[in-house]
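Colleague: structural data only, the sequence is not supplied:
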């Protein structure tokens with residue numbers, strides 16, 4: 001995650017000058033001193049557009065609390081593998097998420113620092129290899145006390161620990177979030193799972209093809225997914241059986257395994273592992289970023305992730 005995006009800053013400045021200039025010209029037609037009115041929209045646009053970079057700049061100069069760093073060392077496998085500079089950037093991303101996302105408890109859930117940090121850490125893991133990325137979708141997280149059903153109620157048919165929406169909030173159950181990082185090597189992490197779904201949304205909903213996979217590589221990715229889903233159904237995969245539910249669920253489960261059992265995935269599913277390294281530009285075994293995707297893996301677009309238009313949700 002970048003503190004400042006040059007393209008965004010330039011666009012803000014240009015918009016401010018254009019709108020301010022237009023207002024000033026209209027004002028000059030009435031009275032000469034009315035041209036100063038152009039300062040008002042220019043100031044407002046600059047203030048709104050530069051507020052987030054300013055907040056990020058301030059946060060980047062503030063150290064993550066020691067207890068939060070200790071929690072990351074204990075619970076997030078990627079974090080202790082990073083060198084000093086990469087660790088600083090990881091901590092900075094965590095702080096950006098904590099500052100810019102809203103976290104709300106539902107039905108009496110108390111939102112603790114650990115719950116908030118658990119989600120922020122998951123986002124930082126997914127974004128670490130791609131500093132230019134922003135997590136797509138909503139910036140609102142709801143914590144439920146228990147599993148819920150399609151109508152978001154706790155009932156006999158409640159089976160969901162989490163749900164990602166294309167335009168709505170990210171919903172997670174508090175117990176599953178705590179369990180996600182309790183055993184960081186079990187490849188069962190609802191935070192990584194639901195956040196991974198955000199990369200899978202497009203205008204037609206979640207289809208198992210991450211939104212940054214280049215169109216020319218989408219076919220290769222889909223073929224790989226079909227082969228790997230067959231292995232899951234035959235019991236020949238290290239991925240949980242839930243990966244065979246749909247291509248979208250396969251991607252999310254694969255992401256869990258990629259980050260929590262990278263050595264095992266590299267041995268048992270080399271092609272899938274290589275594709276995910278290419279997608280995330282990161283080898284979670286070492287914490288090293290990979291500058292260039294390997295030629296035989298699905299390539300990815302490097303533009304900033306933007307939110308889609310349709311309304312879709314994916315559950316776990």
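Modeller: On my side now, so go ahead. Since the structure is predicted, the reported quantities are computational estimates derived from the model, not experimental observations. Numbers count the residues shown, from 1 in each chain.

Colleague: in this structure, which helix is the longest?
Modeller: Secondary structure of the chain read by DSSP state H shows that its longest helix is helix 6-30.

Colleague: can you give me the strands for the stretch 51-200 of the chain?
Modeller: With strands called from DSSP state E, counting those that start in this stretch, the stretch 51-200 of the chain shows them at 102-105, 140-144, 162-165, 170-173.

Colleague: in the longest helix of the chain, what counts as buried?
Modeller: 12, 16, 19, 20, 23, 24, 27 (16 or more other CB atoms under 10 Å). In short, each C-beta sits where N, CA and C put it, glycine included.

Colleague: surely the third one meets residue 45?
Modeller: Yes - under the criterion of CB atoms under 8 Å, residue 19 makes contact with residue 45 at 6.2 Å.

Colleague: can you list the domain ranges for this structure.
Modeller: What automatic domain parsing lists as the domains of the chain is 6-60, 66-315.

Colleague: could those be laid out in a markdown table, adding mean pLDDT?
Modeller: Listed next are the domains of the chain as a markdown table, based on pLDDT from 0 to 100:
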| stretch | mean pLDDT |
| --- | --- |
| domain 6-60 | 79 |
| domain 66-315 | 85 |
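
Colleague: need the winner for burial among the ones you listed.
Modeller: domain 66-315 (a mean of 18; mean count of other CB atoms under 10 Å).

Colleague: from residue 2, how far off is residue 247?
Modeller: According to CB to CB, to the nearest Å, residue 247 stands 31 Å off from residue 2.

Colleague: just residue 176 next, same as before
Modeller: Relative to residue 2, and taking CB to CB, residue 176 is found at 31 Å.

Colleague: the stretch 201-316 of the chain: helices as residue ranges?
Modeller: For the stretch 201-316 of the chain, applying DSSP state H, counting those that start in this stretch gives helices covering 215-233, 247-260, 262-268, 270-280.

Colleague: adding distance to residue 36, write those helices out as CSV.
Modeller: Output for the helices of the stretch 201-316 of the chain, formatted as CSV (distance: least, CB to CB, whole Å):
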stretch, distance to residue 36
helix 215-233, 50
helix 247-260, 54
helix 262-268, 60
helix 270-280, 51
